[in-house]
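K.L.:
fold the following.
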Amino acid sequence: MDERRDSFPPAVGGSSLLVIFAVLCLTVFALLGLATVQANSRLSDASAQTVSGYYAADCQAETILAQLRSGTVPEGVSVRGDVYSYTCPISDTQTLQVEVRVDESAYTVLRWQAVSTADWQAEEDLEVWDGAS
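P.N.:
Numbering: from 1, shown residues only. Have a look, this model is predicted:
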């Protein structure tokens, strides 16, 4: 009795394909989640930097206002009648512009505004479809 046993390689069945597909999907979702976390981290860092820059400029503007109320005019403050105006840098592209009317015992804030100082250029060559093929 000569029995020959032929060994066959294991067949890759549907369950193995399903596991491979599941691992591939989980890997793609993990990479997408990582990219989202990195984008959120960059956005929160930029937001924190912007907020801290604004509050530093606000503190500087309040210090200048306190000096104006005490009767001294700091360097960089322009005077037009009883209206004092000055700017404090927030970032490379923004400044805090302040205009204050100071009377003898009172003051009125006329302008306390963050303004963009970046150069803006209109786009002249915008391609618009005219309806023709």
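K.L.:
C-alpha only now, for contacts and for neighbours.
P.N.:
Will do.
K.L.:
chain center to the helix or strand hosting residue 49, what's the gap?
P.N.:
With elements taken from DSSP states H and E, the one containing residue 49 is helix 14-70. Taking Cα atoms, centre = their mean, to the nearest Å, the mean C-alpha location of helix 14-70 is offset from the chain mean by 8 Å.
K.L.:
ok, now which ones touch the closest residue to residue 61 other than its chain neighbours?
P.N.:
Residue nearest to residue 61 in three dimensions, not counting chain neighbours: residue 88, with 6.4 Å by Cα to Cα, 6 or more residues apart in numbering. Taking Cα atoms under 8 Å, 6 or more residues apart in numbering, we find residue 88 in contact with 57, 58, 60, 61, 95, 96, 97.
K.L.:
ok, 6 Å please
P.N.:
Taking Cα atoms under 6 Å, 6 or more residues apart in numbering as the criterion, residue 88 is in contact with 57, 95, 96.
K.L.:
list only buried entries from those residues.
P.N.:
Judged by neighbour count, with 16 or more other Cα atoms under 10 Å as the criterion, the buried members of the contacts of residue 88 are 57, 95, 96.
K.L.:
mind checking which helix or strand the second one is in?
P.N.:
Applying DSSP H and E as the criterion places residue 95 in strand 94-102.
K.L.:
what lies in contact with that strand?
P.N.:
By Cα under 6 Å, 6+ apart, strand 94-102 touches 82-89, 107-117.
K.L.:
just the ones of these in strands?
P.N.:
83-89, 107-116 (DSSP state E).
K.L.:
just the pLDDT for residue 10.
P.N.:
In the predicted model, residue 10 carries a pLDDT score of 66.
K.L.:
actually residue 107, not the one I typed
P.N.:
Among the per-residue scores, residue 107 holds a pLDDT of 90.
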